[in-house]
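In: heads up, no residue letters with this:
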């Protein structure tokens, strides 16, 4: 049964739009950072580390997915993601609650921004589709 669920999840990821995939990555990023915060409060150092490593992996994916040949925006996003990644590494080493909070705030801001971008793109696609009729 577990294999079927994993196949289903993989299929879901492979068939979603780029916008939805980006939003899923940010949802995971925020969730893992919040989980790391909770684990830090509980004193579960291993769980803090596990969640921060998962968040770092998502940031690596975000950096790798950028087409840096498109210009300044991609370069700026890369710099932001890289800063967040380095901050999480440092937070993991030092178990620094303030650094974790700083990255969480940045992640939530970016998530809200990308959610709005996805909403606008969806509206534009709907408008184009209805204009074609």
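Out: Alright, I've got the coordinates. The structure presented is a predicted model; accordingly, all values stated were derived computationally and were not measured. Numbers count the residues shown, from 1 in each chain.
In: Any figure for the gap between residue 3 and residue 16?
Out: In this view, residue 3 and residue 16 are 21 Å apart by C-beta to C-beta, to the nearest Å. (Each C-beta comes from the backbone N, C-alpha and C, glycine too.)
In: do the same with residue 122
Out: Taking C-beta to C-beta, one finds residue 122 at 13 Å from residue 16.
In: Flag the shaky bits of this protein, pLDDT-wise.
Out: 1-2, 4-15, 128-133 (pLDDT under 70).
In: at 80 instead, please
Out: Along the chain, the model assigns pLDDT under 80 to residues 1-15, 126-133.
In: quick one, helices of it?
Out: For the chain, helices defined by DSSP state H occupy the ranges 2-15, 18-42, 45-65, 72-94, 97-132.
In: how distant is stretch 88-105 from the center of its chain?
Out: The chain centroid and the centroid of stretch 88-105 are separated by 16 Å under C-alpha atoms, centre = their mean, to the nearest Å.
In: Only the buried residues of it, if you could.
Out: Across stretch 88-105, burial judged by 16 or more other C-beta atoms under 10 Å covers 88, 91-92, 95, 99-100, 102-104.
In: next one: stretch 64-84
Out: So, applying 16+ other C-beta under 10 Å, buried residues of stretch 64-84: 77, 80-81, 84.
In: which one of the residues you listed sits closest to residue 116?
Out: residue 77 (15.4 Å; C-beta to C-beta).
In: Can you report phi and psi for the residue nearest to that closest one when sequence neighbours are not counted?
Out: Spatial nearest neighbour of residue 77, excluding adjacent residues (C-beta to C-beta, 6 or more residues apart in numbering): residue 66 at 5.9 Å. Note on residue 66: backbone dihedrals following degrees, to the nearest 10 are phi -70, psi 140.
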